[in-house]
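Novice: Return atomic coordinates for the entry below.
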Amino acid sequence: MAIKRYFASKDNTITNAFKSNLSTRGTGSNMGQADILEVFSILGQASSSAGLSSELSRVLVEFDTTDIAADRTAGTIPASGSVSFYLKMYNAKHGQTLPKNYTMEVKAVTGSSGTREWEEGFGLDMEGYSDSTVGGTGSNWVNRMASTAWTAAGGDYANPDTDLSSSFAQTFDDGTEDLEINVTTLVEQWVNSA
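Specialist: Alright, predicted model coming up:
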């Protein structure tokens, strides 16, 4: 069995996490040029009269589906139904505490008028969230592009309750595992619309 690898054409981490002052959120920050992607959920780092806060980060990853469609046309990869596509992402070792026994969801980015477009951006700061995209290039928690907001803060994604072919999940027991999810149904949708 042959393996063909496709690499992401762009990626970004977006977040609503608090900056170091624990009062201002980094929702305008962009981390498109950082060398890693970071997913987290923090509960209770800051609180108010409304209760404990929740801080989240999400990862955006895009693949050039026209390359996959061209490879299929050229016979480099098999026809639909004779090939499987997997999303593989690797854990970056670090010294921070990891969660255990959690489930990570992978969902297709959606948008109005069928567009899935978003900008990668040029930010790097994954600690202070100081690389803002306000008026600049890049997606963040609020905007998919510099002047175009997500429909919902944090991004527009396929609903796993209504779109099973575009939503996936993997459970992590230890927290150090790599992500490996069969996303064949989603890739076939993209290739057929490329």
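
Novice: tell me the phi and psi of K107?
Specialist: phi -130, psi 150 (degrees, to the nearest 10).

Novice: Contact partners for the residue nearest to it when sequence neighbours are not counted?
Specialist: Nearest in space to K107, with sequence neighbours left out and distances taken as CB to CB, 6 or more residues apart in numbering, is Y157 at 3.9 Å. All C-beta spots, glycine's among them, are computed from the backbone N, C-alpha and C. Shown in contact with Y157 (CB atoms under 8 Å, 6 or more residues apart in numbering): K107, A108, V109, T110, S167.

Novice: What is the neighbour count of the third one?
Specialist: When neighbours are counted by other CB atoms under 10 Å, V109 registers 20.

Novice: What is the subsequent helix or strand relative to the helix-or-strand element of the chain with minimal mean pLDDT?
Specialist: Taking mean pLDDT, DSSP states H and E as the measure, the helix or strand of the chain with the lowest value is strand 41-48, at a mean of 76. Towards the C-terminus, the helix or strand next in line after strand 41-48, according to DSSP states H and E, is strand 51-62.

Novice: contact partners of that following strand?
Specialist: Looking at strand 51-62 with CB under 8 Å, 6+ apart, the contacting residues turn out to be 8-18, 25, 37-47, 87, 89, 109, 116, 118, 120, 139, 154-155.

Novice: repeat that with 6 Å
Specialist: 8-17, 37-44, 46, 118, 155 (CB atoms under 6 Å, 6 or more residues apart in numbering).

Novice: Just the buried residues from those residues, in ChimeraX please.
Specialist: In ChimeraX, selecting the buried portion of those, with burial taken from 16 or more other CB atoms under 10 Å, looks like this:
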select :11,12,13,14,15,16,17,37,118,155
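
Novice: just checking, which of the contacts of strand 51-62 belong to strands?
Specialist: Among these, DSSP state E puts K10, D11, N12, T13, I14, T15, S41, I42, L43, G44, A46 in strands.

Novice: Alright, I will stop here.
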